[in-house]
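Novice: model this:
(2 chains)
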Amino acid sequence: MKTKYTYSFIGLSIALLLCFFVNISLGSVSIPIKDVFNSILGTSDNENWQYIIQDYRLPKALTAILVGSGLGISGLLMQTFFRNPLAGPFVLGISSGASLGVALVILGSGLFGGAFATVLISKWSIVIAAISGSFLVLLAVLIVSARVRDTMAILIIGLMFGSITAAVVSVLSYFSSAEQLQQYIFWGFGSLGNLSWNELFVFFGIYLLGMLLTIFSIKALNTFLLGENYAKSLGLNIKQSRLVIILATSLLAGTITAFAGPIAFIGLAIPHMTRQLFHTSNHKILLPAVFLFGAIVMLICDSISQLPTSDYTLPINAITSLIGAPVVVWLLVRKRKMIF
Amino acid sequence: MTEQTQHIILETHDLSIGYQSKKATAVIASDINIELYQGELIGLVGANGIGKSTLLRTLTSIQPALSGTISLSKKPLNDYTSIELAKTMSLVLTEQLMSKNLSVFELIALGRQPYTNWVGNLSDLDITIVNQSIAQTHLSDLKHRKCFELSDGQLQKVMIARALAQDTNLIILDEPTTHLDMYHKAYILKLLQKLAKDTNKTILFSSHEIDLAIQLCDTMIVMTNDGVIYDSPCNLIERGVFETLFPDDLIGFDEKTGSFRVKK
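Specialist: This is a model prediction of the structure:
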């Protein structure tokens, strides 16, 4: 059983390394391959190149890996958990919560004036706003889900939270200046750059916690494949597993939204692409496959978005959907059958 | 009587089932006294809406009993932890599988979940038991097929094999013959009869195939408007229980053939 997938995993790992180096090598400043390696190792003669590689491109590539794999895995968790192929990492209203937090900081400064306006809209204040926004929504969902017995109800509740936050953001937008709106919209485009090493460490810490919870849920996830009643008859503690899975998703998707903005599409599409290519629903195989696949796709999208050798960078959010959506359509048409 | 020496697996005493809300209590059936013995095939029959599902849900601890006691292997059902229960009783339900993108082997192996470690790795013993269940249900040829490639009859066999792999004294099946053609209805019930004999497990199933159940079951639980009757098929026919099963305007029970006939 295991050997069937060994080659695929080796192939994907090599592809990941390759994409990682291609991603670092490309950019508005062209740097020879040899110097890229030297700059990573810190032995380059050119200080500018070393700075670009070490403090800009390397953290950006690592962010892409964390974002791609994290979103893919939280999407997988939600699809299995809700038994719904349309579920993604943001169905619990996590990105809406983050958006609301950010909207309050950026747009709210106009509405509330005075005290708020003096607060510097720094990178950290946006991150903190996004984290607390998604955390508050998570808390609300957890409290509600403890009372609700039906898993589908949680899905609807998540969507309702999304509607409420969208409405609040609309109201805030109405009272905001053009500059503030622009800033908010730019956050919504998503961005993998701009992360310092310190921010990356914080990001990685929370990401790791989410990943550990996910790994501990593998058995529960496989049991959920049979449906909730069978899972219960197999002795699974449904309430506890539900809590762990929701918590893992929230940590992963919440922190990614906080640091990189609401990145669309990846969370929904990567699990489908992986299932089509790996022909299995077994999470022991799907989980590492989604991890590798998500990271690769995100690195490729990022490489494209920075339009190599030009000075422009396209919004990452647009690229993920532009590249990803046709791929999923193509996969489904080719196989003629959606395997879920 | 050999039954006296056999172990009682499931026993109810003055069991009353139904639904309780804050406002009212709806009793579906009461005074249910049954004793299910080891190695027996038991059929549960009754008209639509008489409470077969409610009884099964109560026996499988999905919903609480209104009153009375249920004991499983001499121990009250309520005293079981969920993992103990999973090792004593396995289920085959009517609900559709959520994911059919698993191989037959993988799906049957999920029956070993109560015994596997935190990540669900199969030990050599687990693999042996899974293969044994596959052989007992004649699924060896389909072992590596995906579940979405199977017919309804094959899928039902896979679900039965999954319950076997869970290695429990009692297997409960909720209408295992729905959606199957006449041949496969007989095939599945015949398989259950053989499994009960070969593995010495107690197998309880609900069904609308009364004529098949009469021919294959060791004992039957018949739910009628007058109460729940528990006896061997022959005695049930003699007592004329089946005549009371349905309203008598359309069909009637023929004692000689043991089946229902449309009235002319």
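Novice: residues contacting the residue of chain B found nearest chain A?
Specialist: For chain B, the nearest residue to chain A under the criterion CB to the nearest CB is B:Ala86, separated by 3.1 Å. In this view, the C-beta of every residue, glycine as well, is placed from N, C-alpha and C. Contact analysis of B:Ala86 by CB atoms under 8 Å, 6 or more residues apart in numbering or on different chains lists A:Ser233, A:Leu234, A:Gly235, B:Gln113, B:Pro114, B:Gln166, B:Thr168.
Novice: how about the last one, phi and psi?
Specialist: Yep, that's B:Thr168 we're talking about. phi -120, psi 160 (degrees, to the nearest 10).
Novice: now it. Nearest residue, chain neighbours left out?
Specialist: Nearest residue to B:Thr168 in three dimensions, chain neighbours excluded: B:Ser90, at 4.5 Å (CB to CB, 6 or more residues apart in numbering or on different chains).
Novice: confirm that the one you found sits in a helix.
Specialist: No: counting by DSSP: H, G, I helix; E, B strand; the rest coil, B:Ser90 is not part of a helix but strand.
Novice: what sits against it?
Specialist: Contacts of B:Ser90 by CB under 8 Å, 6+ apart are A:Ser233, B:Gly111, B:Arg162, B:Ala163, B:Leu164, B:Gln166, B:Thr168, B:Leu170, B:Ile171, B:Ile172.
Novice: how does it look with 6 Å?
Specialist: Neighbouring residues of B:Ser90 by CB atoms under 6 Å, 6 or more residues apart in numbering or on different chains: B:Ala163, B:Gln166, B:Thr168, B:Ile171.
Novice: pretty sure the third one contacts B:Val92?
Specialist: No: look at B:Thr168 against B:Val92 with CB atoms under 6 Å: they stay out of range, at 11.6 Å.
Novice: burial of the residue nearest to B:Ile34 when sequence neighbours are not counted, as a residue count?
Specialist: Excluding the flanking residues, the one nearest B:Ile34 by CB to CB, 6+ apart is B:Tyr230, at 4.6 Å. Neighbourhood size, B:Tyr230 [other CB atoms under 10 Å in any protein chain shown]: 20.
Novice: and what of B:Asp174?
Specialist: When neighbours are counted by other CB under 10 Å, B:Asp174 comes out with 21.
Novice: same thing with A:Ala264?
Specialist: Neighbour tally, A:Ala264, other CB under 10 Å: 21.
Novice: before we move on, what about B:Ile160?
Specialist: 26.
Novice: for it, what are its contacts?
Specialist: By CB under 6 Å, 6+ apart, B:Ile160 lies in contact with B:Val92, B:Thr137.
Novice: how far away is it from B:Ser82?
Specialist: 22 Å (CB to CB, to the nearest Å).
Novice: quick one: buried residues of the helix or strand harbouring A:Asn198?
Specialist: Secondary structure assigned from DSSP states H and E places A:Asn198 in helix A:197-216. The neighbour-count check on helix A:197-216 (16 or more other CB atoms under 10 Å in any protein chain shown) flags A:Glu199, A:Leu200, A:Val202, A:Phe203, A:Ile206, A:Tyr207, A:Gly210, A:Met211, A:Leu213, A:Thr214 as buried.
Novice: one more: stretch B:116-125?
Specialist: Quick answer for stretch B:116-125 (16+ other CB under 10 Å): B:Thr116, B:Gly120, B:Leu122.
Novice: save those residues as a markdown table, and put in secondary structure, pLDDT and distance to B:Pro247 too.
Specialist: Formatted as a markdown table, these follow (DSSP: H, G, I helix; E, B strand; the rest coil; pLDDT from 0 to 100; distance: CB to CB, whole Å):
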| residue | secondary structure | pLDDT | distance to B:Pro247 |
| --- | --- | --- | --- |
| B:Thr116 | coil | 94 | 50 |
| B:Gly120 | coil | 89 | 50 |
| B:Leu122 | coil | 93 | 51 |
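Novice: redo the residues you listed as CSV? Include distance to chain A.
Specialist: Below are the buried residues of stretch B:116-125 laid out as CSV (distance: CB to the nearest CB, whole Å):
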residue, distance to chain A
B:Thr116, 7
B:Gly120, 4
B:Leu122, 9
